[in-house]
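Asks: sharing a sequence plus its predicted fold:
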Amino acid sequence: MKWLLLGILIATFTYICLLNINRKTYTPKPRLVKRLPPPRKAMTIVPFGILIKKDEDSEIIRKHEACHWAQYQELGLLRFYAKYFSQYIKNGYRDNELEEECYLAEND
Ligand SMILES: [Zn+2]
């Protein structure tokens, strides 16, 4: 049993590393979903993809999430999450530098 779990863990880790290596060339198509944890309208879950709530889908939301993906492409997986969460702890959600950049990108 523990070998199976170890195998699953190694496979998942390898999969995430491969996605991260290919991040510069891979841009996901947003996936429309019925529900997200409130109050979220959309989520960029790097390195997997972008989720957008079906009834909230808009050009503005797509620009915002594409901006987060571009941040991840530039920073890489570990630096993206490290920066996101350190900013989140320091400044909260809205004044998070990464969020501010994407709120500005909505108007481009
Ligand atoms: Zn955001």
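Replies: Structure received. Residues are numbered from 1 along each chain as shown.

Asks: up against the ion, what does the chain have?
Replies: Contact residues (C-beta under 5 Å from the ion) of the chain with the ion: Glu99, Cys102. All C-beta spots, glycine's among them, are computed from the backbone N, C-alpha and C.

Asks: kindly recompute the last result at 6 Å.
Replies: The chain comes close to the ion at residues His64, His68, Glu99, Cys102, as judged by C-beta under 6 Å from the ion.

Asks: so what's the third one up against?
Replies: Looking back up the chat, that one is Glu99. Residues in contact with Glu99, defined by C-beta atoms under 8 Å, 6 or more residues apart in numbering, are Gln87, Tyr93.

Asks: the second one now?
Replies: Contact analysis of His68 by C-beta under 8 Å, 6+ apart lists Thr44, Val46, Ile50, Leu98, Cys102.

Asks: what about the fourth one, which helix or strand?
Replies: For Leu98, the host element (DSSP states H and E) is helix 97-105.

Asks: backbone dihedrals for Ile52, both of them.
Replies: Per-residue torsions, Ile52: phi -130, psi 130 (degrees, to the nearest 10).

Asks: mind naming the longest helix for this protein?
Replies: Secondary structure of the chain read by DSSP state H shows that its longest helix is helix 2-21.

Asks: contacts for the lowest-mean-pLDDT helix or strand in the chain?
Replies: Least confident element among the helices and strands of the chain, by mean pLDDT, DSSP states H and E: helix 2-21 (a mean of 94). Contacts with helix 2-21, where a contact means C-beta under 8 Å, 6+ apart, come from Tyr26, Pro47, Phe48, Gly76, Leu77.

Asks: tell me the contacts of the last one?
Replies: To tie it back to what came earlier, the one meant is Leu77. Applying C-beta under 8 Å, 6+ apart to Leu77 gives the contacts Ile16, Asn20, Arg23, Val46, Pro47.
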